[in-house]
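Q: Below is the structure, and that's it, no one-letter string:
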């Protein structure tokens, strides 16, 4: 997961300050996730690390839904990017499902119900990987396709 995040930052870094900040948050999320380990013992032993992971997770998914996705869609509309908007319409529902699972995981940890945290934590890792790939696709189609036009106008 970390490698794909670094590749995304290399491809899209510097293009937009908001996206850059968000990709740095993604990298932090991956680091915190990897630091926790994936065994019941590791998760049980590091409640503070699990809490940190949940905080970073909620911040990351919130930024995606309330800032980044909105900006990408607005940019696509401004450039009449029908292909990009159609893609976004297909991808956003899946991102919403992953967000709901991430928030449910956070709620489970907040409630102190750690009986199934390990299984859910591992499933969430796979969902986050899928989410990152979908987000990279959105950035590529909804943002990068316009960066040359924007640069030419500057």
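A: Happy to help now that I have it. It should be emphasised that the depicted structure is a prediction, and the values quoted were computed from it without experimental measurement.
Q: and the one helix or strand residue 90 maps to, what's its mean pLDDT?
A: Taking DSSP states H and E as the definition, residue 90 sits inside helix 82-110. Averaging pLDDT along helix 82-110 gives 93.
Q: could you list every residue that touches residue 91?
A: 134, 137-138 (CB atoms under 8 Å, 6 or more residues apart in numbering). From N, CA and C alone the C-beta is placed, and that goes for glycine too.
Q: and residue 66, how many neighbours?
A: 9 (other CB atoms under 10 Å).
Q: nearest to residue 45, of the contacts of residue 91?
A: Relative to residue 45, the closest of the contacts of residue 91 is residue 134; by CB to CB it sits at 32.5 Å.
Q: which residues of this structure fall in helices?
A: 2-12, 17-36, 40-45, 47-63, 69-78, 82-110, 117-138, 145-153 (DSSP state H).
Q: elements contacting the shortest one?
A: This points to helix 40-45. Helix 40-45 makes packing contacts with helix 117-138 when contacts are defined by 3 or more CB pairs under 8 Å, 6 or more residues apart in numbering; DSSP states H and E.
Q: List the buried residues for the helix it packs on?
A: Judged by neighbour count (16 or more other CB atoms under 10 Å), helix 117-138 contains these buried residues: 117-118, 120-121, 124-125, 127-128, 131-132, 134-136, 138.
Q: Understood, closing this out.
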